[in-house]
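1. Need coordinates for the below:
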Amino acid sequence: MQHKKSGIFSVIKNINYIAAMFRRSLLVLVTGITFLHAKAQLYESNIHQGEVGVAVGLGHYFGDLNTRAAINRPKFSAGAFFVKQFNPYVGIKLGADYAFLAYSDQYSKNAVQKTRNLSFNTNVWEASLSGYFNFFRFIPGTEGFSYTPYVSLGVGVFSYDPFAYLNGEKYFLRPLGTEGQGSSLYPDRKPYSSMAVCFPLTVGVKYASNSDHNVCGEIGYRFTNTDYLDDVSTTYAGPEAFPAIPQPDGSLAPSPAYLLQDRSYEYGTPIGIKGRQRGISTQKDAYVMLHIGVSLNLSSYKCPQPN
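-> A predicted model of the protein is given here:
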């Protein structure tokens, strides 16, 4: 009988132990749910509206003088941007960028291209509007949500005006019509515009150092609708498209346009025969920018809703 009572007490003790463990587990679960709910309310109340920032870095040109997409003559570039976030993932980006681009046939390893001996420089001023996507949920100042890779794709416009130097003097190439633009011999070759359209594709990563500031690194490739970023596109117009300039003594001197449209004479016999290929008109020019930037977060606060 005594043994039987002992067994009953043992069962009751185990039941009490299990009940106590259940109550503790339930308390931990309720506490955890309450904490997560409070944290979720905090995330929802701290709304990241966007950011505004500046960036500096390097730019590079690709085109008729750099057909192998070599990255060997980077130049200065900089920009400013504004991002409006619709949610932690999706937004739009307004950008304003500058790049100095330059290249020369002398940087090529191709002997024929070296002999062609063309070069250009240009300032590029760009404005663009892009769709913007964060790969991770981005909430600055919140642990676990303070960094993300991102991508943007959009459309922009930019101005450019290629120039070159001849005997130490600077000449803008577009007004010279170096491929016969504006010449009566080539009525189909119209002067190209100093404005063009670009399509920026950018990938990057950003990190919120605190709730107010971010740092980022990105690379943006610009597809364009022009083949005259470098003033080179189609075929040589030939010497007759560039009349000589009469001198005070009655002699004739070659015009700057003639001397700049074919500079192979600096290496021997000129190769700029009328109709010979000068550029590749089927391929548009492009440029890229590599930037490091800092930005200021724009946030708002929404009071949590009562349960």
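
2. quick one: Glu218 is in a helix?
-> No - remark: Glu218 does not belong to a helix; assigned using DSSP: H, G, I helix; E, B strand; the rest coil, it is strand.

3. From Gly220, how far off is the nearest residue to it once chain neighbours are set aside?
-> Spatial nearest neighbour of Glu218, excluding adjacent residues (Cβ to Cβ, 6 or more residues apart in numbering): Gly204 at 2.8 Å. Any C-beta I mention is one placed from the backbone N, CA and C, and that applies to glycine too. Separation of Gly204 from Gly220 (Cβ to Cβ, to the nearest Å) stands at 8 Å.

4. which one of these two has more residues nearby?
-> Using other Cβ atoms under 10 Å, the more surrounded residue of Gly204 and Gly220 is Gly220, with 28 against 19.

5. where's Ala286 relative to Gly168, distance?
-> 30 Å.

6. Comparing the two, which shows the higher neighbour count?
-> Using other Cβ under 10 Å, the more surrounded residue of Ala286 and Gly168 is Ala286, with 19 against 5.

7. correct me, but that one touches Asn225?
-> No - at 10.5 Å, Ala286 does not count as touching Asn225 under the criterion of Cβ atoms under 8 Å.

8. Doesn't Gln113 belong to a helix?
-> Yes - the assignment for Gln113 is a helix, going by three-state DSSP.

9. And the strands in the chain?
-> Applying DSSP state E to the chain gives strands spanning 46-62, 75-85, 90-104, 119-134, 147-159, 163-166, 169-172, 195-208, 213-224, 245-246, 252-253, 286-301.

10. Asp272 - how many residues pack around it?
-> Residue 272: Gly, not Asp. For Gly272, the neighbour count with other Cβ under 10 Å is 20.

11. Was I right to think it contacts Gly238?
-> Yes - counting by Cβ under 8 Å, Gly272 touches Gly238, with 7.4 Å between them.

12. hmm, back to that, please tabulate the strands of the chain in JSON lines and include mean pLDDT and distance to Arg276 as additional columns.
-> Output for those, formatted as JSON lines (pLDDT from 0 to 100; distance: least, Cβ to Cβ, whole Å):
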{"stretch": "strand 46-62", "mean pLDDT": "93", "distance to Arg276": "23"}
{"stretch": "strand 75-85", "mean pLDDT": "97", "distance to Arg276": "30"}
{"stretch": "strand 90-104", "mean pLDDT": "98", "distance to Arg276": "20"}
{"stretch": "strand 119-134", "mean pLDDT": "98", "distance to Arg276": "19"}
{"stretch": "strand 147-159", "mean pLDDT": "97", "distance to Arg276": "30"}
{"stretch": "strand 163-166", "mean pLDDT": "98", "distance to Arg276": "20"}
{"stretch": "strand 169-172", "mean pLDDT": "98", "distance to Arg276": "23"}
{"stretch": "strand 195-208", "mean pLDDT": "98", "distance to Arg276": "26"}
{"stretch": "strand 213-224", "mean pLDDT": "97", "distance to Arg276": "25"}
{"stretch": "strand 245-246", "mean pLDDT": "94", "distance to Arg276": "24"}
{"stretch": "strand 252-253", "mean pLDDT": "93", "distance to Arg276": "24"}
{"stretch": "strand 286-301", "mean pLDDT": "92", "distance to Arg276": "25"}
